[in-house]
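Undergrad: fold the following, please.
(3 chains)
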Amino acid sequence: MGRATWFEADGTKRGEWTEEEDQRLVAYIDQYGIGDWRFLPEKAGLRRCGKSCRLRWFNYLRPGIKKGKFTPQEEEDIIKLHAILGNRWAVIAQQMPSRSDSDIKNHWNSCLKKRLEKNGIDPMTHQPIVNNLTVKTPSINSECGGSSSSSSGSARLLNKIASGISSRQHGVDRIKNIFSDPRMTTSINGNQEEELRKDHGNTIATDDQEDDFLMWDEKEMRRFMEETGVMECQTTSYNDGVYNSCLDFASPYGVYETDQLDDYLFR
DNA sequence: AAGTGAAGCAACCGCGGCGTT
DNA sequence: CAACGCCGCGGTTGCTTCACT
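TA: Numbering: from 1, shown residues only, chains lettered A, B, ... in the order given. Have a look, this model is predicted:
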């Protein structure tokens, strides 16, 4: 069902993958593992660019990848994670290892987003839409004075934080730690607390201030999230490779409470 | 049965971040 | 420290299938 096949001037093949190409890629990675994507196609006997091979592997061929319909539980988790992380599909996908980021993104764009809109929820802010205006809760969304319902200062800030978390030096394990660490302490210095108060109050963090947030460690990040009411203490865990969702959000950056989400999704 | 639009899926494109030189 | 190249990510496009008229 993919795109038609064509060839670049240098002979590189583009478009839909054949079964034979899939087998070659899988066989090569099974034997040698993932190395340098630049040289992998040639070594594997494929006339593809490395980027195309990487995409095919991660989105379709890698072991454990699940295709087909999303379960209601998966859809619920995607929506909840999106309410916190925004369009950070790679981070969301790392919380749902059996699904690729591309799969999740496609399902969101083609299905969940429209379903929420249809049911009166703004898919960007996760707030109810009333008369074409997103309802503002007495949270950071409104208090920060964002002029747009889809890109408030806090929303930008959250995305920046999520971006920082998802960067290579942090990784998803840090998110899991933040979500599940039961020993939240309050070791935060005076300057940072002042920043929190300002942001939680009626000022918008400047870009420089936002960058400062990215330097925080888990405790500080968690403190910030709780301070701003972004989320309650969450836990997600993996047992024997099985994804267990223990999400139970009470987030002002999103309207969902566990027993209400089904209404928004499936009514 | 044919036409049409929506939905879903797979792949490409462009950009930003990071590491290397 | 700047330039360069690669990788990964998010957005977009193109194609097929499905549902409805």
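Undergrad: now A:Ser110, what's its secondary structure?
TA: helix (DSSP: H, G, I helix; E, B strand; the rest coil).
Undergrad: which residues touch it?
TA: With contacts taken as C-beta atoms under 8 Å, 6 or more residues apart in numbering, A:Ser110 has no neighbouring residues. Bear in mind the C-beta positions are built from the backbone N, C-alpha and C, glycine included.
Undergrad: how long is stretch A:43-61 end to end?
TA: End-to-end distance for stretch A:43-61: 18 Å, by C-alpha to C-alpha, to the nearest Å.
Undergrad: which outside residues touch that stretch?
TA: A:7, A:11-14, A:17, A:21-22, A:24-29, A:32, A:34, A:36-41, A:65, A:67, A:100-103.
Undergrad: list only buried entries from those.
TA: With burial judged by 16 or more other C-beta atoms under 10 Å, the buried subset of the contacts of stretch A:43-61 is A:13, A:17, A:21, A:24-26, A:28-29, A:40-41, A:100-101, A:103.
Undergrad: helices - which of the residues you listed land there?
TA: Of the positions in these, A:Glu21, A:Arg24, A:Leu25, A:Val26, A:Tyr28, A:Ile29, A:Leu40, A:Pro41, A:Asp101, A:Asp103 sit in helices, assigned by DSSP state H.
Undergrad: flag the shaky bits of the stretch 51-200 of chain A, pLDDT-wise.
TA: Low-confidence segments of the stretch 51-200 of chain A, defined by pLDDT under 70: A:130-200.
Undergrad: residue numbers of it in contact with DNA strand B?
TA: A:51-52, A:55-56, A:59-60, A:67-69, A:102-103, A:106-107, A:110-111, A:114, A:167-169 (C-beta under 7 Å from any atom of the strand).
Undergrad: put the buried members of those into a PyMOL selection.
TA: In PyMOL, a selection of the buried entries from these looks like this (16+ other C-beta under 10 Å):
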select buried, chain A and resi 52+55+56+59+103+107
